[in-house]
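[1] coordinates only, sequence not included:
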């Protein structure tokens with residue numbers, strides 16, 4: 001290779017805080033004397049963010065003998081026996097980086113399988129990891145990846161990874177996964193200690209206690225402990241990466257990861273924390289930096305900490321300061337806030353062969369304040385028993401001064417109550433912030449691959465309920481339109497979502513698909529900026545994957561809605577005293593009448609017969625109780641997304657296959673031409689999807 005290429009790789013490795021290893025010929029047999037000592041590498045090995053010629057490798061080798069630094073030998077081979085070693089280098093581990101090690105291996109062959117391992121000075125070696133490089137940008141072969149999110153090890157087991165590994169090992173080589181896209185909540189920073197857990201359970205879950213923070217702080221009226229230092233965040237990663245399923249998955253595939261909220265703070269936004277039961281905002285610039293540093297240390301990702309050197313994260317000096325001033329997009333202009341959120345830039349893009357341009361965005365670091373989280377709105381909902389927000393009211397809050405082409409109402413109303421429109425002079429809320437949104441739209445317009453896939457930690461499909469059909473016996477809905485059960489994600493970020501979808505339409509972009517997480521449920525459907533009675537004009541397809549472990553609303557409703565609650569049939573049905581069935585799936589996709597019909601008759605045919613076609617034409621599948629993962633296969637003509645749903649992960653599966661499946665559902669989308677609507681065909685491949693279809 002020309003020397004300029006090596007210099008470029010060295011510059012890139014330095015920017016990524018990684019040591020450089022360069023592939024070489026001729027190949028040779030390992031002479032490292034490696035002998036496996038997994039106990040000395042307790043968090044295993046990992047790889048991440050591959051391109052066609054390089055990949056980042058990772059491990060952690062802690063020392064407790066008082067030293068501050070050590071060196072590891074890294075070997076990369078074309079075979080798992082390491083008889084064909086193609087790259088070696090030495091890399092530092094040091095206490096300042098919590099003994100983590102990052103190595104960028106370059107000059108590799110595209111679309112190839114490699115094995116790697118780390119060895120200390122005494123020949124003590126890590127487990128062996130397997131990784132893959134991306135295909136060349138013009139490689140026409142089909143490709144596959146999986147996407148996952150939301151893995152809380154305190155309340156469940158990561159059986160989904162065991163199933164994913166088992167299926168991948170048995171797949172034909174051309175049908176194996178190329179990478180795993182992790183869409184956030186890799187860790188949960190909120191943990192309960194034994195004295196905070198009533199009867200030892202959370203819904204169906206026996207709560208375990210693998211994490212105890214060295215410092216920590218109590219929040220939410222003594223419901224949880226959360227990190228209060230860099231060391232606290234590190235301890236959380238230590239515990240998660242000792243889970244055997246997660247560790248085996250990271251050793252089998254390269255991961256491509258982005259954070260969501262729990263990598264920093266439960267209800268955090270920018271560098272602000274908010275907790276239930278806590279008055280006001282908690283300025284947390286120091287913790288935002290600490291969270292970013294820990295994420296950087298434990299995720300092998302091509303992210304660029306400004307000013308970092310080869311070995312460690314360069315944390316900016318910040319002071320926890322209350323943020324009072326915001327620019328017109330809602331970004332706090334306080335210097336410590338800006339320094340904290342810019343200490344690590346997570347949004348980035350990845351090309352995978354001819355058919356995938358993957359564009360990943362950060363939904364937490366730049367978002368504006370939640371427009372519904374204001375005391376001024378509380379009087380509207382005094383005495384309300386249903387818990388929904390009127391769709392039109394939320395549209396007014398979301399759009400601010402831009403509502404109705406710049407004519408927002410002077411008052412916000414719900415039923416016979418009204419308050420002054422405190423959003424009338426404010427800009428629309430933003431999830432991405434101005435700088436990231438500009439980058440995202442430019443990448444999207446310039447994407448050349450067949451499929452332009454938006455990797456998003458928050459779901460985009462609308463969630464709404466036709467409460468205008470609610471029987472009076474169940475409660476009074478004080479509005480004539482639809483009600484929203486949730487307003488925290490893209491499903492109700494109407495203005496900015498419309499801006500993105502209009503950009504897709506106006507640029508004539510085809511093959512636009514969204515994969516997301518966070519909802520702890522499986523969703524499939526069409527990407528459209530508005531629903532009836534407004535124009536319904538899909539510009540792409542959208543999918544949300546079920547959680548690995550985290551509790552979904554189906555499970556929560558079974559426990560929280562007592563059997564004498566008149567609203568329970570909208571969410572849960574026990575036909576003839578049988579096991580609970582999730583009528584909330586019908587409520588969201590087919591409407592109030594459909595959910596109540598099934599709860600009464602137990603007939604899905606009758607429930608579908610009274611479906612409201614105006615409610616959710618954008619949805620083809622909803623399962624708010626689904627756990628597992630999703631896979632995506634793309635080629636020049638078709639995108640196929642499969643939902644692989646496992647039973648509620650309340651016990652660790654003892655088998656090598658991760659246990660049985662609830663269902664496998666396939667969503668097939670042919671590539672459409674500019675100006676056409678996308679179409680989706682759905683097939684239940686195995687199992688029973690119940691009320692989700």
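    Happy to help now that I have it. Source: prediction; values computed, not measured. Residues are numbered from 1 along each chain as shown.
[2] buried residues in stretch 107-121?
    107-108, 110-112, 114-120 (16 or more other C-beta atoms under 10 Å). Every C-beta, even on glycine, is put in place using the N, C-alpha and C of the backbone.
[3] over to stretch 76-93?
    Going by 16+ other C-beta under 10 Å, stretch 76-93 has these buried residues: 76-78, 82, 84-89, 91-93.
[4] same check, this time on stretch 224-243
    Under the neighbour-count criterion of 16+ other C-beta under 10 Å, stretch 224-243 has 224-230, 232-241, 243 buried.
[5] turn the buried residues of stretch 107-121 into a markdown table, including secondary structure, distance to residue 664 and pLDDT.
    Listed next are the buried residues of stretch 107-121 as a markdown table, based on DSSP: H, G, I helix; E, B strand; the rest coil; distance: C-beta to C-beta, whole Å; pLDDT from 0 to 100:
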| residue | secondary structure | distance to residue 664 | pLDDT |
| --- | --- | --- | --- |
| 107 | coil | 39 | 93 |
| 108 | coil | 34 | 96 |
| 110 | coil | 31 | 97 |
| 111 | coil | 27 | 98 |
| 112 | coil | 29 | 98 |
| 114 | strand | 30 | 98 |
| 115 | strand | 30 | 98 |
| 116 | strand | 32 | 98 |
| 117 | strand | 34 | 98 |
| 118 | strand | 37 | 98 |
| 119 | strand | 41 | 98 |
| 120 | coil | 43 | 98 |
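[6] distance of the most centrally placed residue in the chain from residue 262?
    Most central in the chain under C-alpha atoms, centre = their mean is residue 183, positioned 2.3 Å from the mean C-alpha point. Separation of residue 183 from residue 262 (C-beta to C-beta, to the nearest Å): 12 Å.
[7] could you say which helix or strand holds residue 239?
    helix 230-240 (DSSP states H and E).
[8] now swap in residue 549 and tell me
    When the helices and strands are read off by DSSP H and E, none of them contains residue 549.
[9] what residues are up against it?
    150-153, 155-158, 627, 649 (C-beta atoms under 8 Å, 6 or more residues apart in numbering).
[10] closest one to residue 375 out of the buried residues of stretch 76-93, please.
    residue 93 (49.4 Å; C-beta to C-beta).
[11] doesn't the closest one fall inside a helix?
    No - counting by DSSP: H, G, I helix; E, B strand; the rest coil, one finds residue 93 to be strand, located in no helix.
[12] still on that earlier bit, show me what the helix holding residue 239 is packed against.
    Judged by 3 or more C-beta pairs under 8 Å, 6 or more residues apart in numbering; DSSP states H and E, helix 230-240 is in contact with helix 285-298.
[13] list the buried residues of the helix or strand following the helix it packs on.
    On the C-terminal side of helix 285-298, the closest following helix or strand by DSSP H and E is helix 335-341. Neighbour-count burial for helix 335-341, counted by 16+ other C-beta under 10 Å, picks out 336-341.
[14] equivalent analysis for stretch 294-306, please.
    294-305.
[15] just the residues you listed now: which is nearest residue 135?
    Proximity of those to residue 135 (C-beta to C-beta) peaks at residue 302, which lies at 17.4 Å.
[16] show the backbone phi and psi for the closest one.
    phi -80, psi 70 (degrees, to the nearest 10).
[17] so it makes contact with residue 348?
    Yes - with contact defined as C-beta atoms under 8 Å, residue 302 counts as touching residue 348 (6.2 Å).
[18] mind listing the shared neighbours of these two?
    Common neighbours of residue 302 and residue 348 (C-beta under 8 Å, 6+ apart) are residue 49.
[19] surely residue 500 is within a helix?
    Yes - with three-state DSSP as the criterion, residue 500 is assigned to a helix.
[20] can you pull out the strands in the stretch 101-250 of the chain?
    Along the stretch 101-250 of the chain, the stretches classed as strands by DSSP state E, counting those that start in this stretch are 113-119, 124-125, 129-132, 143-148, 180-182, 201-202, 205-206, 217-219, 224-226.
[21] repeat for the stretch 451-600 of the chain
    Counting by DSSP E, counting those that start in this stretch, the stretch 451-600 of the chain has strands at residues 451-456, 483-484, 512-516, 522-527, 540-544, 572-573, 581-582.
[22] can you put those in a markdown table and add mean neighbour count and distance to residue 36?
    Formatted as a markdown table, these follow (neighbours: other C-beta atoms under 10 Å; distance: least, C-beta to C-beta, whole Å):
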| stretch | mean neighbour count | distance to residue 36 |
| --- | --- | --- |
| strand 451-456 | 25 | 34 |
| strand 483-484 | 22 | 53 |
| strand 512-516 | 24 | 35 |
| strand 522-527 | 25 | 38 |
| strand 540-544 | 28 | 39 |
| strand 572-573 | 23 | 49 |
| strand 581-582 | 24 | 45 |
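[23] out of the ones you listed, which gets nearest to residue 601?
    Nearest of the strands of the stretch 451-600 of the chain to residue 601, taken as C-beta to C-beta: strand 572-573 at 9.8 Å.
[24] tally of neighbours for residue 507?
    16 (other C-beta atoms under 10 Å).
[25] low pLDDT regions in the stretch 201-350 of the chain?
    Applying pLDDT under 70 to the stretch 201-350 of the chain flags residues 308-311.
[26] before we move on, the earlier item: and the buried residues of stretch 294-306, which is closest to residue 48?
    For the buried residues of stretch 294-306, the nearest to residue 48 is residue 300 (3.4 Å; C-beta to C-beta).
[27] thought residue 45 was touching the closest one, still the case?
    No - at 9.5 Å, residue 300 does not count as touching residue 45 under the criterion of C-beta under 8 Å.
[28] what sits in contact with each of these two?
    What both residue 300 and residue 45 touch, as defined by C-beta under 8 Å, 6+ apart, is the set 57-58.
[29] any chance of the strands of the stretch 451-600 of the chain in CSV, with distance to residue 215 and mean pLDDT too?
    Formatted as CSV, the strands of the stretch 451-600 of the chain follow (distance: least, C-beta to C-beta, whole Å; pLDDT from 0 to 100):
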stretch, distance to residue 215, mean pLDDT
strand 451-456, 33, 98
strand 483-484, 39, 98
strand 512-516, 33, 98
strand 522-527, 38, 98
strand 540-544, 35, 98
strand 572-573, 41, 98
strand 581-582, 40, 98
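[30] redo those as TSV? Include distance to residue 272.
    Converted to TSV, those look like this (distance: least, C-beta to C-beta, whole Å):
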stretch	distance to residue 272
strand 451-456	22
strand 483-484	24
strand 512-516	23
strand 522-527	29
strand 540-544	26
strand 572-573	35
strand 581-582	34
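[31] among these, which is nearest residue 659?
    Nearest of these (C-beta to C-beta): strand 522-527, 17.7 Å.
[32] output the below-cut-off pLDDT ranges for this structure.
    Checking the chain against pLDDT under 70 turns up 1-6, 25, 308-311.
[33] repeat that with 50
    1-4 (pLDDT under 50).
[34] let me have the strands of the stretch 101-250 of the chain in JSON lines, extended by distance to residue 594.
    Converted to JSON lines, the strands of the stretch 101-250 of the chain look like this (distance: least, C-beta to C-beta, whole Å):
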{"stretch": "strand 113-119", "distance to residue 594": "48"}
{"stretch": "strand 124-125", "distance to residue 594": "58"}
{"stretch": "strand 129-132", "distance to residue 594": "44"}
{"stretch": "strand 143-148", "distance to residue 594": "29"}
{"stretch": "strand 180-182", "distance to residue 594": "33"}
{"stretch": "strand 201-202", "distance to residue 594": "30"}
{"stretch": "strand 205-206", "distance to residue 594": "30"}
{"stretch": "strand 217-219", "distance to residue 594": "39"}
{"stretch": "strand 224-226", "distance to residue 594": "37"}
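[35] residue 533: what's it in contact with?
    So residue 533 contacts residue 614 (C-beta under 8 Å, 6+ apart).
[36] and the helices in the protein, which stretches?
    For the chain, helices defined by DSSP state H occupy the ranges 3-15, 159-170, 230-240, 244-252, 285-298, 335-341, 391-399, 403-406, 434-446, 494-506, 553-560, 584-589, 592-601, 604-609.
[37] mind checking which of the ones you listed is nearest residue 412?
    helix 391-399 (6.1 Å).
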